[in-house]
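K.L.:
structure for the following, please:
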Amino acid sequence: MSKAAILIREIKTEDDMQIARVIRAVLTEMGVPKVGTAYADKALDEMTATYNKDKATYFVIEDQGKIIGGAGIAQLENFEGSICELQKMYFLPAARGKGLGTKMMTTCLQKAKLFGYEKCYLETLPYMTDATKLYSKTGFEPLEGPMGDTGHYSCNVWMLKSL
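P.N.:
From the prediction side, this is the model:
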């Protein structure tokens, strides 16, 4: 993987199949339940359409034409107020440990501010320790319980950050 070839950009329709494979591969690698998590989301197979709405976007990490990760921002489901959710942030092993997580977080949070969101929420699992460290490092703080209703009842770590 050449650093010069790595690009973080907004998703395009032709990326949909690749990013769905990436997300499911990472979830399988992590032993994530297939029910009550992003694994079962219908949206995984139509990511471009899913994020083609007001105040939402999804970014992919491309390495020489191959999608190796992604993350998105959208209004927190079933919640009134100016809070977005960091969604579906998953990286293949080839993308890890290279600072791409921090770059992706910065990209997503800057876009969230541009959209006018005041806070960003996320849900994860306790054993996704590297991700949780990254979230804490970028200013996310733990919550006692969930906000909104994402349908991801198996995710039991909730965090929030002021933008």
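K.L.:
what helix or strand is the residue minimising distance to the centre of the chain located in?
P.N.:
Centroid check for the chain by Cα atoms, centre = their mean gives M89 as the closest residue, at 2.6 Å. Taking DSSP states H and E as the definition, one finds M89 inside strand 83-91.
K.L.:
paired strands for that strand, with orientation please.
P.N.:
For strand 83-91, the paired strands and their directions (DSSP bridges) read strand 66-75 (antiparallel), strand 119-124 (parallel).
K.L.:
quick check: next helix or strand after it?
P.N.:
Trace forward from strand 83-91 with DSSP H and E and the next one is helix 100-115.
K.L.:
name the helices or strands packed onto that next one?
P.N.:
Secondary-structure packing of helix 100-115 (3 or more Cβ pairs under 8 Å, 6 or more residues apart in numbering; DSSP states H and E): strand 6-10, strand 57-63, strand 66-75, strand 83-91, strand 119-124, helix 129-137. Placement of C-beta: from N, CA and C, glycine included.
K.L.:
how far does the last one sit from the chain's center?
P.N.:
To tie it back to what came earlier, the one meant is helix 129-137. Put simply, helix 129-137 sits 13 Å off its chain's centre (Cα atoms, centre = their mean, to the nearest Å).
K.L.:
which parts of it are buried?
P.N.:
Buried residues in helix 129-137, counting neighbours by 16 or more other Cβ atoms under 10 Å, are found at A131, T132, L134, Y135.
K.L.:
repeat that for stretch 51-59.
P.N.:
Here stretch 51-59 shows Y51, A56, T57, Y58, F59 as buried, counting by 16+ other Cβ under 10 Å.
K.L.:
low pLDDT regions in this protein?
P.N.:
1-4, 33 (pLDDT under 70).
K.L.:
many thanks, I have nothing further to ask.
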